[in-house]
Structure formats: structure tokens, C-alpha cells
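J.: Predicted model and sequence follow; I will ask about them next.
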Amino acid sequence: MRRICLLIFFAAICMGAAAFSHYQRIRLENVKPSELYAVINTQFDALRSSDFPRAYRQVSSEFKQKCNISQFSGIIRKEYPGLTEALHVEYGAVERDGNHAVIDVYFIDRKGRVIPCIYTLVNEGADWKIENIRLLQKKKSQLTLNGILS
């Protein structure tokens, strides 16, 4: 009798895990780009106001294991100064692969110069977090947008 109860218990655990995995896969496949943009927008707003603790909350747990908040703020100031000075942000292509998303992001400064980046986000349970930012050009881009900036 104990063996039957144990077998039923393990079968229930396996079925529950399979159902949860299926639910997670469907949820990740149906993520809206606006949910991903919101993570980047939150960090962008924080960086523009030099609120590094709030910007740091948007990074992945893996990144946090590698860099503390002091190191993070130093990296932003040294490697990504254009992000803190940008006027607004525009979004390009979004690609999702399982629990990762890759987004083309364009920061535009007051002179209309574009700073192109690629953001990689990772899903950490209920939240999307920024795993990596890659600048496509190290120096301030000479690309400009024609037209009126809002």
C-alpha cells in the first residue's frame, strides 16, 4: 500500500511539473513587446535621473552576482555615458527565444544623434530583467534623425 501511495505521489509531482512547464512556455511565447519595453524604460528613466539603485533593480540576478551597485554605476558612467544623456528611446526588432529576448534599442540625444544598442533580457520567474547591453558603436554615433524630436 505504501508503494502505491508513493507511486501516486511521484506521478502527481511529475504531472504538476509538466503542467507548470507548459504554462510557463505559453506565457513566455505570448509576452508582449510592451512588457519588455517597460523594463528598459524603467532603467532608462532611472539612469537619466542618476538613480542608480533603481536602474540596478532592472538587471538580472546573474549580472548582480558579477557586479555590485557601485561597479554598475561606474560601468554606466564610463562605458555608457550616452544612455544617461539621451533625450528619448526608440525600439526596433524584438526576438524571443524561450526565456530570453533580444531588442534593438536606439537612444536619441538632444542633437538627434542615435546611439544604437542591443539589449538582452531574461525572464526570472514573474519578471523580465536586463541581462546585457551591447553598444553597436563605442563613440557617439554620427547618425542623426531628420525631423522633429518630441
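T.: Good, I have the coordinates. What you see is a predicted model, and the numbers here were worked out from it, not measured in a lab. Numbering: from 1, shown residues only.
J.: Show me how this structure divides into domains.
T.: Domain assignment for the chain by automatic domain parsing gives 1-30, 32-135.
J.: show me what contacts F44?
T.: 83, 86, 89, 107 (C-beta atoms under 8 Å, 6 or more residues apart in numbering). No exception for glycine: its C-beta is placed from N, CA and C like everyone else's.
J.: Narrow the residues you listed to those that are buried.
T.: Buried members of these, scored by 16 or more other C-beta atoms under 10 Å, are 83, 86, 89, 107.
J.: Next, format the residues you listed as JSON lines and append pLDDT.
T.: As requested, the buried ones among the contacts of F44 are exported to JSON lines (pLDDT from 0 to 100):
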{"residue": "L83", "pLDDT": "85"}
{"residue": "A86", "pLDDT": "92"}
{"residue": "V89", "pLDDT": "94"}
{"residue": "F107", "pLDDT": "94"}
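J.: So which of these are in strands?
T.: 89, 107 (DSSP state E).
J.: want to try TSV for the buried ones among the contacts of F44, with distance to I130 as columns?
T.: Shown next, in TSV, are the buried ones among the contacts of F44 (distance: C-beta to C-beta, whole Å):
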residue	distance to I130
L83	12
A86	16
V89	13
F107	14
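J.: still on that earlier bit, from the contacts of F44, which single one is nearest N30?
T.: V89 (24.0 Å; C-beta to C-beta).
J.: need the contact list for that closest one.
T.: With C-beta under 8 Å, 6+ apart, V89 has these contacts: 40-41, 44, 105-108.
J.: cool, E85 as well?
T.: Contacts of E85 by C-beta under 8 Å, 6+ apart are 109-110.
J.: can you do 10 Å?
T.: Listed by C-beta atoms under 10 Å, 6 or more residues apart in numbering, the contact partners of E85 are 47-48, 107, 109-110, 115, 140.
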